[in-house]
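Engineer: Just to be clear, the model below is a prediction. Sequence and coordinates:
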Amino acid sequence: MLQTNNQRKKDSMTGAGKQRKVVITGTGIWSCIGTDVATVGRSLLEGRSGIGVQRERLDYGYRSALTGIVPEPVLTKADVSRHMRACMSEEAKYAFLASRQAFSSAGIDADYLAAHEVGCIFGNDTSAKAVIESAQTMADGHDSAMLGYGSVFQCLTSSVTMNLGAIFHLRGANFTVGAACASSTHAIGLAAMLVRQGLQDVVLCGGAQETNLLSLSSFDALQVFSTRMDAPTAASRPFDRHRDGLVPSGGAAALVVEDYDHAVARGAHIIAEVAGYGFSGNGGGISSPDERGCRTAMERALDDAGVSAGDIDYVNAHATSTPQGDAVEAKALCGLFAGEHALISSTKSMTGHECWMAGASEAVYCTIMMQNDFVAPNINFCEPDEYSKELNITPVAVRTPVNTVLSNSFGFGGTNAALVLRKI
């Protein structure tokens with residue numbers, strides 16, 4: 001018999017069940033390298049970039065028109081009611097499509113959701129398009145009635161989780177994590193903690209990032225974007241000596257995490273274990289990465305999983321293709337993985353930087369590699385710099401068993417997060 005909510009609460013208070021094993025039973029994705037797990041897997045293996053040029057960004061005032069080309073979600077009444085569609089921001093639509101895939105792959109249907117309490121935790125840090133368009137409507141019309149019923153639900157950064165909760169009728173923990181580019185890694189880590197402590201049996205978690213040109217103009221103002229517009233697929237070059245900045249991207253990724261015994265009891269297919277979660281804060285400059293902070297998050301994730309650097313087969317680096325950020329992470333990785341066998345790559349070389357979604361999408365990418373025994377390439381890695389030359393970075397896909405991985409996410413404000421995922 002599955003554990004009841006009251007029993008879970010009792011076990012939590014008495015200390016029972018706190019070491020429950022947390023597993024991933026479902027994944028879904030909507031990204032610039034594919035809008036389903038199978039397509040994304042082929043893109044990763046083939047080293048296929050999803051980056052292109054949107055000239056309208058230059059007309060709007062950007063320095064760079066580079067971006068991940070993410071297919072626009074087209075939802076109909078067969079997917080979501082008109083009433084609910086009016087409440088959905090761009091990123092909420094991405095998240096719905098990824099979550100629907102994740103539930104399907106986990107074998108969770110409407111009947112299961114009606115009979116069980118399922119949580120929902122997503123990383124999302126902006127809903128800029130909805131806010132800007134609402135402000136423009138007010139400026140033009142001077143009448144709040146023109147905003148429409150759904151505007152408030154699109155404008156909130158919790159737009160993703162509130163919409164997913166309403167659409168799928170989720171009755172468990174429901175909240176949004178805003179932690180810049182580490183948002184969705186923290187979301188997965190927190191979801192795993194709730195399951196491990198017996199507070200939830202199943203949690204839908206992930207991350208979402210809007211891709212419209214209104215969303216990241218402030219990033220462009222910081223001159224952190226690559227301007228290699230003559231060769232868009234070669235623009236994102238993590239760890240390469242000639243990198244000149246990141247390429248923005250987005251979409252959504254979703255994972256179903258649950259208690260191992262619960263998954264076995266319902267006959268679910270187990271994809272991987274969320275074995276460890278680590279975090280830290282830099283305590284320094286708001287936009288400055290920190291080697292010690294990066295390393296602390298990685299070490300805590302390894303410790304939480306009960307593994308050492310020598311146990312890791314693959315590291316999915318945060319590396320976004322910025323000169324400073326990649327150098328700091330490379331130094332932190334050297335301190336932990338020098339002389340170890342782990343292969344290292346940054347899938348952002350193909351996807352660009354998926355921002356609030358990145359930790360979740362990269363967790364999905366890692367599970368794909370684990371299930372199919374390969375490591376995705378760090379494309380465009382042609383010449384290492386003084387920091388990356390010591391790392392075991394692979395510029396090509398490598399066919400090899402992948403049993404244990406470390407995935408990093410670091411964000412503005414000095415927030416750091418890392419996950420250890422393990423094949424079962």
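Structural biologist: Arrived safely.
Engineer: going forward, measure contacts and count neighbours with C-alpha atoms only.
Structural biologist: Fine.
Engineer: now the strands for the stretch 201-350 of the chain?
Structural biologist: 202-209, 251-259, 272-281, 314-316, 343-345 (DSSP state E, counting those that start in this stretch).
Engineer: which of those strands sits most buried?
Structural biologist: Of these, the one with the most neighbours on average (mean count of other CA atoms under 10 Å) is strand 202-209, at a mean of 33.
Engineer: from memory residue 300 sits against residue 293, does it?
Structural biologist: No: here residue 300 does not reach residue 293: they are 10.7 Å apart, not a contact under CA atoms under 8 Å.
Engineer: Now do the SS call for residue 92.
Structural biologist: Secondary structure, DSSP: H, G, I helix; E, B strand; the rest coil: residue 92 is helix.
Engineer: what about residue 285, how many neighbours?
Structural biologist: 11 (other CA atoms under 10 Å).
Engineer: That one and residue 50, how far apart?
Structural biologist: Computed as CA to CA, to the nearest Å, the residue 285 to residue 50 distance reads 32 Å.
Engineer: can you tell me which residues contact the most centrally placed residue in the chain?
Structural biologist: Taking CA atoms, centre = their mean, the centroid of the chain lies closest to residue 360, which sits 2.3 Å from it. Shown in contact with residue 360 (CA atoms under 8 Å, 6 or more residues apart in numbering): 184, 185, 188, 206, 207, 252, 253, 254, 255.
Engineer: do that again at 7 Å, thanks
Structural biologist: Going by CA atoms under 7 Å, 6 or more residues apart in numbering, residue 360 touches 184, 185, 206, 207, 253, 254.
Engineer: Tell me the one of these nearest residue 311?
Structural biologist: residue 185 (20.9 Å; CA to CA).
Engineer: For the helix or strand hosting that closest one, give the mean pLDDT please.
Structural biologist: Assigned by DSSP states H and E, residue 185 falls within helix 183-196. Averaging pLDDT along helix 183-196 gives 98.
Engineer: by how many degrees do it and strand 251-259 diverge?
Structural biologist: 10 degrees (axes from the mean of the first three to the mean of the last three CA atoms, to 10 degrees).
Engineer: Counting by contacts, list what helix 183-196 packs against.
Structural biologist: Applying 3 or more CA pairs under 7 Å, 6 or more residues apart in numbering; DSSP states H and E, one finds that helix 183-196 contacts strand 22-30, strand 118-123, strand 202-209, strand 251-259, helix 358-372, strand 415-422.
Engineer: Repeat the analysis, applying 6 Å as the threshold.
Structural biologist: On a contact count with 3 or more CA pairs under 6 Å, 6 or more residues apart in numbering; DSSP states H and E, helix 183-196 meets strand 118-123, strand 202-209, helix 358-372.
Engineer: quick one: contacts of that helix?
Structural biologist: For helix 183-196, contacts defined as CA atoms under 6 Å, 6 or more residues apart in numbering pick out 18-20, 121-123, 177, 200-201, 205-207, 259, 277, 356-357, 359-360.
Engineer: now do 7 Å
Structural biologist: 18-22, 121-124, 177, 200-203, 205-207, 257-259, 274, 277, 356-360, 409, 417-418.
Engineer: and if you look at stretch 209-225?
Structural biologist: In contact with stretch 209-225 (CA under 7 Å, 6+ apart) are residues 57, 62-64, 90-91, 124, 128-129, 245-247, 249-252, 322, 354-357.
Engineer: May I see the ChimeraX selection of the buried members of these?
Structural biologist: Buried members of those, defined by 16 or more other CA atoms under 10 Å, are picked up in ChimeraX with:
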select :57,62,63,64,90,91,124,128,129,245,246,247,249,250,251,252,322,354,355,356,357
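Engineer: Can you tell me how far residue 175 is from residue 104?
Structural biologist: For residue 175, the distance to residue 104 - CA to CA - is 22 Å.
Engineer: Over to residue 276?
Structural biologist: 25 Å.
Engineer: And residue 182, by the same measure?
Structural biologist: 26 Å.
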